[in-house]
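In: Okay, predicted coordinates and the sequence, questions at the end:
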Amino acid sequence: MISQLPTPQPGLLVAKARTDSTFEQIPIMSVSLTHFPTLVGLRTKIDSDFTDATSADFAKRRALADRIRDASINVGFFYLKNHTIQEAVIADTITAAGDFFALPINAKLALDIHKSTNFKGYTALLGENTNPEGRGDLHEGFDLGWEEPGNNAMSGVNVWPAETLLPGFRDVMESNKRRYSRAAVSLGQLLFPLFALALDLPEAFFNDKTTKPAAIMRLLHYPPQKPAIDDDGRVIGIGAHTDYECFTILWQDAVGGLQVQNADGKWIDAVPVPGTFVINLGDQFARWTNDVFKSTVHRVTNRSGLERYSIPLFFGTDYDVLLEPLPSCISEDYPPQYEVVTAGDYVKRRLEETYAHSKSNGD
Ligand SMILES: O=C(O)CCC(=O)C(=O)O
Ligand SMILES: [Fe+2]
């Protein structure tokens, strides 16, 4: 495979990186998508207080990218507001998710993710074990992706409940007007140039590496956790983990429970901030940046007594892109930390590990 990296600027970012990520708060960024008219289903929102992610003024884009770099180096998480995904699209998606999870268990298990060859479908309570030291995660999920032709492990068709069983569910997830995933993928495509700038790369650096949005979307439902179920601390909503792709766009409801671990091991609450998404970096970026950008450990424990819903959408690069450390993230004193693998092989391996412990469910 041919290396796609630009001319080396050895060590540049290593020098800028602070590695003592002892953050106590998660920063809030704003993007205003005033120059992004092609997005389907999005409202254009103008807020002059905020730097425009697609401003014609490079200095504004640079300033936003600098803040994103700071968050990426020191926290690995930030909130994004002024994202312009319509509240109605989010609301429709969450209502449909609630209806799906309210189906009888057998109807859901008919779509068990273990039956799928491309990691699509339903994950039962305790079906996933995100932290290998855990005993299973106390959430159920439904995974879908982009049905674009492809020949890799994650591409291919989605699975759906019968229309008679759950009228309108597929339409909400797929129709252009109501589709959350399309809007969120567009938002992700807006973020890639900012991340490139944050890495002192040409803004178009990721364009030819993200030609098929390798985006997996999940509907997640966390029932309230009773104390008894967590006696040994090994069953929580989602066990401590890092995400696998470049970054995640996460919508969370107002219930709370997401926590992010800083370098002291302290768990910082990612409290729900109305009107925002949580953006967090994943392992693909950590590998590309030789850990200069942090793929920060996080978990969810839902002790609210309420049902919690969230929608993560994971953005990776195309399957065959090599996760090579950027020259700016290597120095003589700081050599490459990871073996070079393709983005797709990495994600596939992590997905297989995540579901391995419940494999017999789908047989
Ligand atoms: O539900 C959440 O808030 C987080 C979900 C998550 O971390 C994941 O799916 O990787
Ligand atoms: Fe995660």
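Out: Ah, there it is. Ligands and ions are numbered 1, 2, ... in the order given.
In: Can you classify the residue in the stretch 201-350 of the chain that ligand 1 sits nearest to by secondary structure?
Out: Nearest residue of the stretch 201-350 of the chain to ligand 1: Ser310, at 3.4 Å (Cβ to the nearest ligand atom). Where C-beta positions appear, they are placed from N, C-alpha and C, glycine not excepted. With DSSP: H, G, I helix; E, B strand; the rest coil as the basis, Ser310 sits in strand.
In: what does Leu13 give?
Out: Recorded secondary structure, Leu13: helix (three-state DSSP).
In: so the residue nearest to it when sequence neighbours are not counted, which of the three states?
Out: Leaving aside its chain neighbours, Leu13 sits nearest to Ser328 (4.4 Å; criterion: Cβ to Cβ, 6 or more residues apart in numbering). Secondary structure state of Ser328, per three-state DSSP, is helix.
In: got any ranges where the chain has weak pLDDT?
Out: 1-9, 16-19, 31-52, 84, 148-155, 213-214, 228-231, 357-363 (pLDDT under 70).
In: tell me the strands in it, going along the chain?
Out: If DSSP state E is used as the criterion, the strands of the chain fall at 28-30, 77-81, 121-123, 140-145, 214-222, 238-241, 247-252, 258-261, 267-269, 276-281, 298-300, 308-316.
In: Which other helices and strands does the third one contact?
Out: Which is strand 121-123. With contacts defined as 3 or more Cβ pairs under 8 Å, 6 or more residues apart in numbering; DSSP states H and E, the packing partners of strand 121-123 are strand 140-145.
In: biggest helix in the protein, by residue count?
Out: helix 180-198 (DSSP state H).
In: distance between that one and the chain's centre?
Out: How far helix 180-198 lies from its chain's middle: 11 Å, per Cα atoms, centre = their mean, to the nearest Å.
In: hmm, it touching ligand 1?
Out: No - using Cβ under 6 Å from any ligand atom, helix 180-198 never reaches ligand 1; the gap is at least 13.7 Å.
In: Can you dump the C-alpha atoms of that helix in CSV for me?
Out: In CSV, the C-alpha atoms belonging to helix 180-198 read as follows (Å, rounded to 0.1, in the frame of the first residue of the first chain):
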residue,chain,number,x,y,z
TYR,A,180,-30.8,11.7,11.1
SER,A,181,-27.8,9.8,9.8
ARG,A,182,-27.6,11.8,6.6
ALA,A,183,-27.6,15.1,8.5
ALA,A,184,-25.0,13.8,11.0
VAL,A,185,-22.8,12.5,8.3
SER,A,186,-22.8,15.9,6.6
LEU,A,187,-21.9,17.4,9.9
GLY,A,188,-19.0,14.9,10.2
GLN,A,189,-17.8,15.9,6.7
LEU,A,190,-17.7,19.4,7.9
LEU,A,191,-15.5,18.5,10.8
PHE,A,192,-12.9,16.6,8.9
PRO,A,193,-11.3,19.8,7.3
LEU,A,194,-11.2,21.4,10.7
PHE,A,195,-9.4,18.3,12.1
ALA,A,196,-7.0,18.5,9.2
LEU,A,197,-6.3,22.1,9.9
ALA,A,198,-5.9,21.3,13.6
